[in-house]
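Colleague: I'd like to go over a predicted model; first the sequence, then the structure.
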Amino acid sequence: MKRVGMLSVSMIGLAMAVTACGSNGGTNDSAAPSGAASSQAAGEPVTIKVFQLKVEIADKFEEMVKEFEAAHPDIKVEAETVGGGTGYMDALKAKFAAGEGPDIFNNGGAKEMQLWKEHLADLSDQPWVSHLLPGTGDGMTDTDGKLYGMPMNMEGYGYLYNKDLFADAGITELPTTLTELQAAAQKLQDAGITPFANGFAEWWIIGSHFTNVAFGQQEDPAGFINQLNDGSATIDSNPIFQQFQNLMDTTMKYGNENPLTTDYNTQVTLFASGKTAMLQQGNWVESMIADISPDLNVGILPMPINDDPSSDRIVAGVPNNWAVNKNSEHLEAAKTFLDWMVSSEAGQKYMTEQFGFIPAFDNIPTDKLSQLSQDIVAYTKEGKSIPMIWTSWPDGANKEFAAILQEYSAGKIKWDEVLSKMQSTWNSLKE
């Protein structure tokens with residue numbers, strides 16, 4: 001099994017090497033699409049439907065669509081966003097079950113790619129493929145060597161922190177170990193500042209992103225998953241998972257009130273409005289933060305589980321991909337839209353300047369990346385990143401993990417029960 005989604009030093013280094021020299025290899029926005037759908041009636045535009053999960057970019061995505069339509073009058077785009085507190089995958093399954101599968105949708109890769117393989121169009125021959133950064137297409141490449149998705153972006157997450165609140169609390173050295181993180185949290189609390197904003201109401205925040213830390217901190221994350229599958233390793237006997245309790249307890253001890261009823265929007269708002277000093281999220285929330293506090297001084301910290309210096313790492317990788325419905329009536333128009341997003345000057349600007357994405361392509365300038373994104377790049381270049389490995393878990397495991405950790409947060413079970421239940425979940429869901 002591949003180590004899915006891990007950002008190599010060469011990958012992210014190459015991303016930063018692409019500067020604003022003006023050589024973006026883009027297409028002319030006003031040019032007619034090379035892959036315009038041949039099925040359309042003369043003078044009548046075709047309509048493609050995009051179903052996507054990133055609520056953070058929903059409004060700006062609609063603005064981008066208008067620019068695409070202006071450049072491609074023969075193609076209309078209807079975009080629908082489902083995410084945040086709503087289950088995207090369940091909604092997507094319902095659409096396909098009803099015979100209303102969208103033309104373009106999101107796929108996390110790895111096991112998720114396999115689950116949706118029957119619906120995925122082969123994109124191996126698309127012009128953007130030659131611009132993929134090393135490793136960014138791995139999650140959507142099958143054993144047949146074909147590529148079934150286009151990386152949406154590269155992302156990194158850890159604990160975002162408010163630099164000004166840290167200064168107010170007298171924190172002059174950034175924490176790099178668990179003990180130092182606890183000491184910083186205590187200083188913040190002593191200064192009357194709530195350290196963490198915990199959004200435990202959202203299964204993906206706690207069940208995918210948070211739990212991923214314990215998997216990613218393994219010496220060989222992909223190998224560990226293989227061992228769980230063949231029974232040669234277990235979650236409840238694993239030292240990293242046992243230490244993982246320390247990080248969970250720290251966030252609970254120094255977190256906001258009522259974390260189990262705190263959803264995504266509330267969690268981000270607590271941080272963006274200055275009511276908490278740290279937030280377990282990544283660069284994708286920048287636009288949400290900017291809407292509330294445009295001048296918020298934000299940095300990123302690792303999520304250490306112990307005092308080993310090697311746990312001083314953030315999580316980074318390709319979290320999601322654009323997939324095309326192979327049974328779409330407007331297959332070529334859908335492909336045209338995807339290519340425009342990453343090859344046109346307008347599409348590239350939206351990706352980096354409006355969406356705040358770290359591009360997965362070597363033809364997209366990165367000089368306009370935010371400081372937070374540059375910090376993520378710096379961590380990865382230094383080898384201080386772990387992979388987004390949850391797409392290799394058994395289907396449904398992340399939601400079960402979330403429910404288990406929510407029970408723990410509510411004080412209903414002890415940590416040994418957490419690990420025992422996680423292991424039982426894995427055993428019941430693995431193939």
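Modeller: Nice, I can see it.
Colleague: wait, isn't Gln182 in contact with Thr251?
Modeller: No - under the criterion of CB atoms under 8 Å, Gln182 is not in contact with Thr251, lying 10.3 Å apart. In short, each C-beta sits where N, CA and C put it, glycine included.
Colleague: of those two, who's got more company?
Modeller: Using other CB atoms under 10 Å as the criterion, Gln182 and Thr251 rank with Thr251 on top: 24 against 19.
Colleague: Chain neighbours aside, what residue packs nearest to that one?
Modeller: Nearest residue to Thr251, sequence neighbours excluded (CB to CB, 6 or more residues apart in numbering): Phe196, at 4.9 Å.
Colleague: So what sits opposite that neighbour in the bridge?
Modeller: Counting by DSSP bridges, Phe196 forms beta bridges with Gly255, Met278.
Colleague: center of this protein - which residue?
Modeller: Pro319 (3.8 Å; CA atoms, centre = their mean).
Colleague: check contacts around the closest residue to that residue other than its chain neighbours.
Modeller: Nearest residue to Pro319 in three dimensions, chain neighbours excluded: Glu155, at 5.0 Å (CB to CB, 6+ apart). The contact partners of Glu155, by CB atoms under 8 Å, 6 or more residues apart in numbering, come to 282-284, 316-319, 357-358, 376, 388.
Colleague: and the two most separated of those?
Modeller: The span of these, defined through CB to CB, is set by Phe357 and Met388 at 14.9 Å.
Colleague: between those two, which one's more packed in?
Modeller: In this view Phe357 and Met388 are compared by other CB under 10 Å, and Met388 has more residues nearby, 31 against 24.
Colleague: what secondary structure does that one sit in?
Modeller: The local conformation at Met388, judged by DSSP: H, G, I helix; E, B strand; the rest coil, is coil.
Colleague: low pLDDT regions in the stretch 1-150 of the chain?
Modeller: 1-43, 85-86 (pLDDT under 70).
Colleague: Break down it into its strands, ranges please.
Modeller: 46-52, 75-81, 104-107, 150-151 (DSSP state E, counting those that start in this stretch).
Colleague: just how off-centre is the second one within its chain?
Modeller: Translated: strand 75-81. Chain-centre distance of strand 75-81: 22 Å, with CA atoms, centre = their mean, to the nearest Å.
Colleague: which non-adjacent residue is nearest Thr136?
Modeller: Leaving aside its sequence neighbours, Thr136 sits nearest to Ala360 (CB to CB, 6+ apart; 4.0 Å).
Colleague: What is the burial count for the one you found?
Modeller: Applying other CB under 10 Å, we find 26 residues neighbouring Ala360.
Colleague: what is the mean pLDDT for the helix or strand hosting Ile376?
Modeller: Assigned by DSSP states H and E, Ile376 belongs to helix 371-381. The average pLDDT within helix 371-381 is 89.
Colleague: Also stretch 311-326?
Modeller: 94.
Colleague: Could you export it as PDB, CA atoms only?
Modeller: Provided in PDB are the C-alpha atoms of stretch 311-326 (Å, rounded to 0.1, in the frame of the first residue of the first chain):
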ATOM      1  CA  SER A 311       6.800  14.700  17.100                       C
ATOM      2  CA  ASP A 312       7.300  18.400  16.300                       C
ATOM      3  CA  ARG A 313       5.400  18.000  13.000                       C
ATOM      4  CA  ILE A 314       2.300  19.300  11.300                       C
ATOM      5  CA  VAL A 315       0.000  17.300   9.000                       C
ATOM      6  CA  ALA A 316       0.400  17.900   5.200                       C
ATOM      7  CA  GLY A 317      -0.700  16.400   2.000                       C
ATOM      8  CA  VAL A 318      -3.400  16.300  -0.700                       C
ATOM      9  CA  PRO A 319      -6.700  16.100   1.200                       C
ATOM     10  CA  ASN A 320      -9.000  15.900  -1.800                       C
ATOM     11  CA  ASN A 321      -9.300  15.600  -5.500                       C
ATOM     12  CA  TRP A 322     -11.700  16.600  -8.300                       C
ATOM     13  CA  ALA A 323     -13.200  13.600 -10.000                       C
ATOM     14  CA  VAL A 324     -15.300  13.500 -13.200                       C
ATOM     15  CA  ASN A 325     -18.300  11.300 -13.600                       C
ATOM     16  CA  LYS A 326     -17.500   8.900 -16.500                       C
END
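Colleague: Can you point out the buried residues in that stretch?
Modeller: 311-325 (16 or more other CB atoms under 10 Å).
Colleague: can you check stretch 174-188 too?
Modeller: 174-178, 180-182, 184-185, 187-188.
Colleague: Please enumerate the helices of the stretch 301-431 of the chain.
Modeller: Assigned by DSSP state H, counting those that start in this stretch, the helices in the stretch 301-431 of the chain fall at 331-343, 345-349, 371-381, 397-409, 415-429.
Colleague: Same list (those) but as TSV, adding mean neighbour count and distance to Leu247.
Modeller: Listed next are the helices of the stretch 301-431 of the chain as TSV, based on neighbours: other CB atoms under 10 Å; distance: least, CB to CB, whole Å:
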stretch	mean neighbour count	distance to Leu247
helix 331-343	23	36
helix 345-349	19	37
helix 371-381	20	18
helix 397-409	20	11
helix 415-429	17	12
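Colleague: got CSV for those, with distance to Asp74 too?
Modeller: Listed next are the helices of the stretch 301-431 of the chain as CSV, based on distance: least, CB to CB, whole Å:
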stretch, distance to Asp74
helix 331-343, 8
helix 345-349, 17
helix 371-381, 35
helix 397-409, 40
helix 415-429, 45
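Colleague: For Gln218, which of those is the nearest?
Modeller: helix 415-429 (14.0 Å).
Colleague: what about the helices in the stretch 1-150 of the chain?
Modeller: 9-17, 58-71, 88-97, 111-116.
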